[in-house]
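Engineer: heads up, no residue letters with this:
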Ligand SMILES: CSC[C@H]1O[C@H](OP(=O)(O)O)[C@H](O)[C@@H]1O
Ligand SMILES: Nc1ncnc2[nH]cnc12
């Protein structure tokens, strides 16, 4: 039975495809913001619709700074997603979060600086709240699914989003630990901010691959070390997605208790007569609902 969930998955490093799905088809979607990282895999499982986007493209040709985050989120919205779960490789900033563990993130610190961070701007200004940047309901479901898949999961954690592409210096890594951050990655910002602007409930699982460079008992992170753990994590990630879908197939979808699907109703500030028609037409997918009512 279809329960009206359309689950979007953004797969990070090491997760470029999901096998074992029904009716898989890669579909090209263009957006007013440009092209997303790749085609989107449309498929089903247990009667639930799934839309999968490999964040860096198949073959990992795109670096974190080069991703078109706006196109990715807009394309997932156009693909009909009701909810968006990201799966990301991360470094650990805490002893207790070991390589192989998953962390269901609840907060972010955004240190990225070379990226387009909003769909809005001159001609239509909006300020959404990201005090609680993650959909609690989806985070809860993701935690349960990872546990069902046999993964060690930590619920809650602050994700430090850095620009990259270089990994951190030791001074930076120690500073982020002092700030209370738990994991570090390069992609979940501005992704989470844009998902909120697009009224899409978003959650993210950080799949720990390394201890970055602060831990005296472990070597400094490098791509070879990340990939070694990633290969094992990717299988666990696929199992997590499948068990999440199985669970969703037993649940009727209701609107997010946090009001995420209507949050633009209290965010758009530009008077209707001052709005730029060109920008409004680009906002058709992400803000069409809210703009048609104000
Ligand atoms: C290959 S290690 C660095 C790379 O992995 C993470 O990407 P993603 O979040 O898409 O899994 C990290 O943010 C960097 O982009
Ligand atoms: N240590 C690290 N820093 C930034 N991004 C990462 N992705 C995986 N490990 C990472």
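Structural biologist: The structure has been received and is ready for your questions. What you see is a predicted model, and the numbers here were worked out from it, not measured in a lab. Numbers count the residues shown, from 1 in each chain. Ligands and ions are numbered 1, 2, ... in the order given.
Engineer: pull out the buried positions in stretch 69-85.
Structural biologist: 69-79, 81-85 (16 or more other CB atoms under 10 Å). To be clear about C-beta, it is placed using only N, CA and C from the backbone, and glycine gets the same treatment.
Engineer: closest one to residue 174 out of these, please.
Structural biologist: Nearest to residue 174 among the buried residues of stretch 69-85, counting by CB to CB, is residue 69 at 28.5 Å.
Engineer: up against ligand 1, what does the stretch 1-150 of the chain have?
Structural biologist: 12, 13, 55, 56, 64, 88, 89 (CB under 6 Å from any ligand atom).
Engineer: does ligand 1 sit close to the helix or strand harbouring residue 208?
Structural biologist: In this assignment (DSSP states H and E), residue 208 forms part of strand 202-210. No: for strand 202-210, no contact with ligand 1 is found by CB under 6 Å from any ligand atom; the gap never falls below 6.9 Å.
Engineer: list the helices and strands the following helix or strand past that strand packs on?
Structural biologist: Once strand 202-210 ends, the next helix or strand along the chain (criterion: DSSP H and E) is helix 223-248. If you count contacts as 3 or more CB pairs under 8 Å, 6 or more residues apart in numbering; DSSP states H and E, helix 223-248 packs onto strand 6-11, strand 40-45, strand 48-54, strand 83-92, strand 102-104, helix 136-148, strand 202-210.
Engineer: tell me the buried residues in the fourth one?
Structural biologist: Spelled out, it's strand 83-92. Neighbour counts over strand 83-92 (16+ other CB under 10 Å) mark 83, 84, 85, 86, 87, 88, 89, 90, 91, 92 as buried.
Engineer: out of those, which touch ligand 2?
Structural biologist: Near ligand 2, by the rule CB under 6 Å from any ligand atom, you find 89, 90, 91 out of these.
Engineer: Throw these into CSV and include pLDDT, thanks.
Structural biologist: CSV is the format used below for these (pLDDT from 0 to 100):
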residue, pLDDT
89, 97
90, 98
91, 98
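Engineer: got a markdown table for those residues, with distance to residue 181 too?
Structural biologist: As requested, those are exported to a markdown table (distance: CB to CB, whole Å):
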| residue | distance to residue 181 |
| --- | --- |
| 89 | 16 |
| 90 | 10 |
| 91 | 10 |
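Engineer: I figured residue 103 hits residue 96, correct?
Structural biologist: No: taking contacts as CB atoms under 8 Å, residue 103 lies outside contact range of residue 96: 10.0 Å.
Engineer: so those two - more neighbours on which side?
Structural biologist: Shown here are residue 103 and residue 96; by other CB atoms under 10 Å, residue 103 has more neighbours (27 against 8).
Engineer: ok, the residue in the stretch 51-200 of the chain positioned nearest to ligand 2 - contacts?
Structural biologist: Nearest residue of the stretch 51-200 of the chain to ligand 2: residue 91, at 2.3 Å (CB to the nearest ligand atom). Each residue near residue 91 by CB atoms under 8 Å, 6 or more residues apart in numbering is listed here: 167, 183, 184, 185, 208, 209, 210, 211, 212, 221.
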